[in-house]
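S.K.: Got a predicted structure here, sequence first:
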Amino acid sequence: MRLTPCPSCQSDIKLGNRPHMGQQIRCRNCDAPLEVVWLNPVELDWVEDEEDAYRYARRLEHEFEHRKVEDLEEIEEEVDF
C-alpha cells in the first residue's frame with residue numbers, strides 16, 4: 001500500500017499498490033479532489049475540474065466562516081485559491 005500526503009491538509013492518503021498517472025481520489029480528511037501527477041515519488045495535485053474546485057472552495061468557505069476578520073491573513077495562507 002502506497003501512502004502520500006494530501007497537498008491540502010497533509011494527512012496520509014492510501015493509493016493502493018499500483019498508483020497510476022491521472023488516478024483520481026478524494027482526501028478522506030478534507031475532501032479535496034486530487035489526482036496522481038507523478039509516480040516516483042508519488043505526488044498528488046488538485047483536480048482541474050471546475051465543478052469539484054467550486055464545491056471544495058464552498059466547503060472551505062463554510063469551514064472558515066466562523067473565524068474572526070483578524071484571522072483573514074492566516075486563512076489566506078492556509079487556503080491557496
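M.R.: Good, I have the coordinates.

S.K.: Could you export stretch 13-26 as PDB, CA atoms only?
M.R.: Only the C-alpha atoms of stretch 13-26 are listed here, as PDB (Å, rounded to 0.1, in the frame of the first residue of the first chain):
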ATOM      1  CA  ILE A  13      -3.700   9.200   1.500                       C
ATOM      2  CA  LYS A  14      -3.700   5.500   0.600                       C
ATOM      3  CA  LEU A  15      -3.300   4.900  -3.100                       C
ATOM      4  CA  GLY A  16      -3.100   1.100  -3.300                       C
ATOM      5  CA  ASN A  17      -0.100  -0.900  -4.500                       C
ATOM      6  CA  ARG A  18       0.000   0.300  -8.100                       C
ATOM      7  CA  PRO A  19      -1.000   4.000  -8.400                       C
ATOM      8  CA  HIS A  20      -1.100   5.400 -12.000                       C
ATOM      9  CA  MET A  21      -0.800   8.800 -13.600                       C
ATOM     10  CA  GLY A  22      -4.200  10.600 -13.700                       C
ATOM     11  CA  GLN A  23      -5.600   8.400 -10.900                       C
ATOM     12  CA  GLN A  24      -8.200  10.500  -9.100                       C
ATOM     13  CA  ILE A  25      -9.000  10.300  -5.400                       C
ATOM     14  CA  ARG A  26     -10.600  12.400  -2.700                       C
END
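
S.K.: For that stretch, the averaged confidence score.
M.R.: Per-residue pLDDT over stretch 13-26 has a mean of 90.

S.K.: from the middle of its chain, how far away would stretch 8-20 be?
M.R.: Averaging C-alpha positions (C-alpha atoms, centre = their mean, to the nearest Å) puts stretch 8-20 11 Å from its chain's average.

S.K.: Provide the backbone phi and psi angles at Cys9.
M.R.: The phi/psi pair for Cys9 (degrees, to the nearest 10) reads phi -120, psi 0.

S.K.: Same question for Gly16.
M.R.: The phi/psi pair for Gly16 (degrees, to the nearest 10) is phi 80, psi -180.
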